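*Asks:* have a look at this prediction, sequence included:
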Amino acid sequence: MTEQAITPPYTPDPLLTPSAVPGTWLPAPRPEVVRAAAVAGADARRADREGRLSPATVEAVTDAGLPAHFVGRGGEGAGSFSALFADITALAQECPSAAWCGALWAAHGRFASCLPEFGRRELWADGPDARIASAVAPPAGSAVVTAEGLRLNGVWECVSGARYSDWILLATPVTRAHPEHGRPEPWVLAVPTGELTVHDTWDATGLRGTASDAVEVCDLLVPAHRSFPLAGMLDGTGNHGAGRQHRAPAQLAGGLIFCATALGATHALRRAWSAWATEGVAGTGGRGPCDSPAARDALAVSSARIDAAHLLLARAAFRADTEPATETLTAVNQRDAAFAASLLLEAANHLFGAGGVHVRDAGGDIQRLWRDVQTAARHGVLRMEPAAASYARAEQSWPHLA
């Protein structure tokens, strides 16, 4: 797709489009996602205020194919990490909460492919667009193996998009009927949303529309065909999907897909800030905030950080699609996603700090997007400390970390 084919609301950076940089690994979003972004963007302020995505936004994201991205529609194979990265980045420029849920629905379709065949048939009985939420890190609750299946109990916190989803994947320690069979082992159980309780607990600073509420299961019998070992999902060995994306370790592209929401939100923040900074200048001869050396410095430095993060993440997605999924590559991608998140936080904070009191209006887009960047970029998957430890181990020069 060329830049000219992109329609509002997505506004590509001219330095980061395939038409401007031919032959690079910087894809544009699909037209269906651009249309979904228009719907989500029109509702973004209300979603932030009320803490809920609208049914229209959920439907638009689903119709755009994000839940089916790694499942495939009409005989299509799994989509690529690069395409998902481009889609989520574009959607996040209009509504970061919708992008966050869409990214997770896509990723969880890949995880659900670890189910046994009968479980996969049941989960996707109505088609590939089933929306799947998850709570897999850390495992919570408990399950006991019985003759009929697994008896599940517990509470799982921060389940993004739970109330909008059809199914939820829950990681939990599984205890065998006889203790001599060993210590509890973490498994993932697929539960229809209608068979659990969603508690209204999400009241975070940012990504408020994700409704990342707690879910509770009380004495639920889950058939064995709706369960699989967590370890096989994390390292990719337990996935039954045919594509290379299915067999990839969770961390190979997990961080960059999480960070795509922060990237899109920071792009949008920069544009909103620039519009504010030029108020009173164009066509009037008046002076605006952009006349300040500090404001020009904030814009230039922050834009460079955003572009650097974009390039790091796009390269990581390209590698995830094309290179062998080794421990080293996984560690490098994990490192780059964490560092990109730090760049985006610096950019957002620099712009917000340089804006003064006028950009802090409670109903304004700048402070809303700033809050979304803070929440998305500080997710545990994007922490530098574990990423640095993984990178050092992969370098094999820090043996005491093994």
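*Replies:* Now that the structure is in, tell me what you want to look at. Residues are numbered from 1 along each chain as shown.

*Asks:* does the closest residue to Arg110 other than its chain neighbours count as helix, strand or coil?
*Replies:* Counting by Cβ to Cβ, 6 or more residues apart in numbering, Arg110 lies nearest to Phe70, which is 4.0 Å off, once chain neighbours are set aside. All C-beta atoms are positioned from the backbone trio N, CA, C, and that covers glycine. Recorded secondary structure, Phe70: coil (DSSP: H, G, I helix; E, B strand; the rest coil).

*Asks:* tell me, how many residues neighbour Phe70?
*Replies:* Using other Cβ atoms under 10 Å, the number of residues around Phe70 comes to 27.

*Asks:* who's in contact with it?
*Replies:* Phe70 makes contacts with 78-79, 106-107, 109-110, 113, 241, 243, 245-246, as judged by Cβ atoms under 8 Å, 6 or more residues apart in numbering.

*Asks:* and it, how far is that from Asn239?
*Replies:* 10 Å (Cβ to Cβ, to the nearest Å).

*Asks:* and for the two, which residues touch both?
*Replies:* Common neighbours of Phe70 and Asn239, using Cβ under 8 Å, 6+ apart, are 110, 113, 246.

*Asks:* touching, the second one and His246? I think so.
*Replies:* In other words, Ser113. Yes. The criterion here is Cβ atoms under 8 Å, and Ser113 meets it with His246 at 5.4 Å.

*Asks:* between these two, which is the more surrounded one?
*Replies:* Between Ser113 and His246, Ser113 has the larger neighbour count (other Cβ under 10 Å), namely 24 against 19.

*Asks:* confidence score at Asp291?
*Replies:* We have a pLDDT of 71 for Asp291.

*Asks:* revised request: answer the last question for Arg176.
*Replies:* So Arg176 comes in at 82 (pLDDT).

*Asks:* what sits against it?
*Replies:* If you count contacts by Cβ under 8 Å, 6+ apart, Arg176 has them with 145, 182.

*Asks:* can we start the residue count at 22 from this point?
*Replies:* Right, with 22 as the first residue, what we last looked at is Arg197.

*Asks:* for it, give its distance to Ala271.
*Replies:* Counting by Cβ to Cβ - Arg197 and Ala271 are separated by 25 Å.

*Asks:* shaky segments in the stretch 172-321 of the chain?
*Replies:* Residue ranges of the stretch 172-321 of the chain with pLDDT under 70: 198-202, 263, 301-311.

*Asks:* what average pLDDT does stretch 411-423 get?
*Replies:* 69.

*Asks:* ends of stretch 337-353, what's the gap?
*Replies:* With Cα to Cα, to the nearest Å applied, stretch 337-353 spans 8 Å between its terminal residues.

*Asks:* buried set for that stretch?
*Replies:* By neighbour count on 16 or more other Cβ atoms under 10 Å, the buried set for stretch 337-353 is 337-342, 346, 349-353.

*Asks:* likewise stretch 60-71?
*Replies:* In stretch 60-71, counting by 16+ other Cβ under 10 Å, buried: 60-62, 64-65, 68-69.

*Asks:* how about it as PDB, C-alpha atoms only?
*Replies:* The C-alpha coordinates for stretch 60-71 follow below in PDB (Å, rounded to 0.1, in the frame of the first residue of the first chain):
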ATOM      1  CA  VAL A  60     -14.600   4.400  14.500                       C
ATOM      2  CA  ALA A  61     -12.400   4.000  17.600                       C
ATOM      3  CA  GLY A  62     -11.000   7.500  17.300                       C
ATOM      4  CA  ALA A  63     -14.500   9.100  17.300                       C
ATOM      5  CA  ASP A  64     -15.200   7.400  20.600                       C
ATOM      6  CA  ALA A  65     -11.700   7.600  22.300                       C
ATOM      7  CA  ARG A  66     -12.500  10.500  24.600                       C
ATOM      8  CA  ARG A  67     -15.700   8.900  25.900                       C
ATOM      9  CA  ALA A  68     -13.900   5.500  26.300                       C
ATOM     10  CA  ASP A  69     -11.300   7.200  28.400                       C
ATOM     11  CA  ARG A  70     -13.900   9.100  30.500                       C
ATOM     12  CA  GLU A  71     -16.200   6.100  31.100                       C
END
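
*Asks:* that'll do, ta.
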